[in-house]
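Q: predicted coordinates and the sequence they were generated for:
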Amino acid sequence: MGRLTKNQKAVAGKIDSEKLYSLAEASSLVKETSTTKFDATVDLAVRLGVDPRKANQMVRGTVSLPHGTGKNVRVLVLCTPDKEQEAKDAGADHVGLDDYVTKIKGGWTDVDVIITTPQVMGKVGALGRILGPRGLMPNPKSGTVTMEVGKAVTDVKAGKIDFKVDKFGIVHASVGKVSFDAAKIEENAAELINTLLRLKPSSAKGTYMKSISMSSTQGLGIKIEQKTATA
């Protein structure tokens with residue numbers, strides 16, 4: 001981690017790296033121990049007992065955080081002209097098709113989520129090399145390839161996030177900002193954790209939820225006792 005700043009040293013003493021905290025305690029501590037000058041993001045890392053290389057143990061899905069993410073989510077809708085007004089009315093930041101496909105081919109990816117319709121996926125699919133590594137590729141499983149573009153925009157703006165287990169078996173997701181009330185951080189985190197429990201693959205053996213850790217941007221990890229997060 002390198003040398004700690006004076007502020008980081010002061011907060012490091014508040015977190016016992018061996019202790020398992022309740023979700024409520026962690027949600028307060030993550031606020032107290034944030035040392036950034038900006039409104040840091042609160043992240044959850046959940047280590048699962050799955051082998052993500054096996055298709056039947058891939059854990060992915062979406063969750064609507066009750067209190068949103070605290071981020072202004074920039075949404076691009078790639079659609080045919082008949083869907084443009086619906087997308088704009090729902091609050092999409094960018095709406096179009098061919099002009100945006102050209103921009104993306106040129107390297108433009110200044111958005112957080114891309115929503116599209118099934119009939120234009122052929123054009124969007126050709127952008128996979130650019131969008132894939134950035135996690136921007138629309139996917140029917142995450143609700144971002146749909147005929148209901150207006151609803152999809154509204155959901156994403158309100159705090160619907162998608163998650164996927166990485167190759168190490170860990171799900172990383174943002175569950176708010178340190179400016180949130182501790183209770184809101186706790187409720188958002190619990191919603192994600194309980195969603196992950198519902199998605200347990202039947203083929204997963206042994207302990208499913210191995211560890212849960214909460215941290216703020218550049219902050220220390222706070223270990224959470226699972227039963228306090230799923231009660």
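A: Yep, that arrived. Numbers count the residues shown, from 1 in each chain.
Q: avg pLDDT for stretch 20-40?
A: For stretch 20-40, mean pLDDT is 93.
Q: buried ones in the lengthiest helix in the chain?
A: Across the chain, the longest stretch assigned as helix under DSSP state H is helix 182-198. Within helix 182-198, the residues that count as buried by 16 or more other CB atoms under 10 Å are 182, 184-193, 195-196. (Each C-beta comes from the backbone N, C-alpha and C, glycine too.)
Q: next one: it to chain centre, how far?
A: Chain-centre distance of helix 182-198: 12 Å, with CA atoms, centre = their mean, to the nearest Å.
Q: just checking, next helix/strand downstream of it?
A: Where DSSP states H and E defines the elements, the next helix or strand beyond helix 182-198 is strand 209-216.
Q: gap between the helix or strand that comes right after that following strand and the chain center?
A: Later in the chain than strand 209-216, the nearest helix or strand by DSSP H and E is strand 222-224. The chain centroid and the centroid of strand 222-224 are separated by 18 Å under CA atoms, centre = their mean.
Q: with stretch 51-70 instead?
A: The answer for stretch 51-70 is 8 Å, by CA atoms, centre = their mean.
Q: with stretch 172-188 instead?
A: 12 Å.
Q: go on, stretch 57-76?
A: Counting by CA atoms, centre = their mean, stretch 57-76 comes out at 5 Å from the chain centroid.
Q: repeat for stretch 36-51
A: 9 Å.
Q: buried residues in that stretch?
A: Going by 16+ other CB under 10 Å, stretch 36-51 has these buried residues: A40, T41, V42, D43, L44, V46, R47, L48, V50, D51.
Q: the residues you listed in strands, which ones?
A: The strands, defined by DSSP state E, take in T41, V42, D43, L44, V46, R47, L48 from those.
Q: residue contacts, the nearest residue to K151 once chain neighbours are set aside?
A: Nearest non-adjacent residue to K151, counting by CB to CB, 6 or more residues apart in numbering: A90, 7.5 Å away. A90 is in contact with V149, G150, K151, A152, V153, T154, K157, counting by CB atoms under 8 Å, 6 or more residues apart in numbering.
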